[in-house]
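> What follows is a predicted protein model with its sequence.
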Amino acid sequence: MILFDLPVYQFIMSIFPVSMSMTVIMKMITTLGSSIVIVAGLISVAVLIRDKKYFKIFVFANLLAIILNNIIKLIVHRPRPSNTMTLAVETSYSFPSGHSMMSMVFYGLVIYYVRKFVKKKWISNLLTVVLSLVILAVGITRIYLGVHYATDVLAAYVFGFIYLFVFIKFLEKLESK
């Protein structure tokens, strides 16, 4: 793992040198994958969307993803990085990154529905790019803050993407009936 994790950590730290302002920015971005922001996003979905079926889908998808993430953390039992500069405090296990996985699931599902329902192509494309950048940025912040190895983030993206793919296929199968 050191052959991948350490060079990625060093690369991120070379692009984003440690400073008080950079750390504040990274902590702000990382909150976009936090439970508080995901719950606020779910409430926003409930308020903004007339069809409460989609709110229920969002809640179910995210709750199931949280459970899956926690099960994987308990099975793997990987401790947090200790050989990096820790700029934030986390107490749960490291693998996979919960912020990264939940960003992939939550924002990925938003992207799916944007692509499905937003008629103006330029708005759909813009939102897809912005939300994809949010997913990527959250993962980068977890490495920068020293609370995850790069492999934690990468695995979270893979697990989140596979989960999202299977969940969407299941939804489409239900909708076609």
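Yep, it's here.

> buried sites along the host helix or strand of N70?
Element membership for N70, per DSSP states H and E: helix 52-76. Buried residues in helix 52-76, defined by neighbour count with 16 or more other C-beta atoms under 10 Å: 54-55, 57-58, 61-62, 65-66, 68-69, 72-73. In short, each C-beta sits where N, CA and C put it, glycine included.

> List the buried residues of the longest helix belonging to the chain.
Looking across the chain with DSSP state H, the single longest helix is helix 150-176. Within helix 150-176, the residues scored as buried using 16+ other C-beta under 10 Å are 150-157, 159-160, 163-164, 167-168.

> any weak-confidence spans in this protein?
Within the chain, the segments meeting pLDDT under 70 span 1-2, 83-89, 91.

> Would you check how far apart the residue nearest the centre of the chain and K56 are?
With distances taken as C-alpha atoms, centre = their mean, the residue of the chain nearest its centroid is S103 (2.0 Å). Distance, S103 to K56, by C-beta to C-beta, to the nearest Å: 21 Å.

> picking that back up, what distance separates the longest helix of the chain from the centre of its chain?
Computed by C-alpha atoms, centre = their mean, to the nearest Å, the chain-centroid distance of helix 150-176 equals 12 Å.
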